[in-house]
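Engineer: missing the sequence, but the structure's below:
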């Protein structure tokens, strides 16, 4: 398999998501199915256990990604320019699969952990299977 090519910004985003952002999200505050976005709730207050969110839904509230233009629609779906939903992951990370529903990507094959653990697994997989080129 050839390596996934990331820009320096995509690599920085992946490292920040893996090492800073995602660890700050309490596992109990992750909705139990990655296929759901935030349910139109406010992004100005702290996310809580009543929030339906996948990794993409949490990214829209993170300052680093907001500064890169990521926004949210009324149903909580991420937007970036003319991209929305899982397509936002491509410019942020270099791979749409990090926002996919569980089981819709081969990265998940054999993985048995929680959705919170699955996001960590996917981000680490991306680091292990990518290289940076400007």
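Structural biologist: That came in fine, so what should we check first? Just so you know, these numbers come straight off a predicted model, no measurement behind them.
Engineer: for stretch 101-108, measure first residue to last.
Structural biologist: 10 Å (Cα to Cα, to the nearest Å).
Engineer: for that stretch, buried residues please.
Structural biologist: Residues of stretch 101-108 classed as buried: 105, 107, 108 (neighbour count, 16 or more other Cβ atoms under 10 Å). Backbone N, C-alpha and C define where each C-beta goes, glycine included.
Engineer: residues in contact with the first one?
Structural biologist: When you say that, I think you mean residue 105. 97, 122 (Cβ atoms under 8 Å, 6 or more residues apart in numbering).
Engineer: what's it sitting at in phi/psi?
Structural biologist: When read as degrees, to the nearest 10, the backbone of residue 105 gives phi -140, psi 140.
Engineer: what's the spacing between it and residue 119?
Structural biologist: Plainly put, residue 105 is 12 Å away from residue 119 if you go by Cβ to Cβ, to the nearest Å.
Engineer: ok, back up a step: return the member of the buried residues of stretch 101-108 nearest to residue 86.
Structural biologist: For the buried residues of stretch 101-108, the closest approach to residue 86 (Cβ to Cβ) belongs to residue 105, at 10.0 Å.
Engineer: give me the neighbour count for residue 96.
Structural biologist: When neighbours are defined as other Cβ atoms under 10 Å, residue 96 has 19 of them.
Engineer: what pLDDT does it get?
Structural biologist: At residue 96, the predicted lDDT confidence score is 91.
Engineer: pull out the buried positions in stretch 90-103.
Structural biologist: 90, 91, 92, 93, 94, 95, 96, 97, 98, 99, 100.
Engineer: try stretch 65-85
Structural biologist: Per 16+ other Cβ under 10 Å, stretch 65-85 contains these buried residues: 65, 70, 72, 76, 77, 78, 79, 80, 83.
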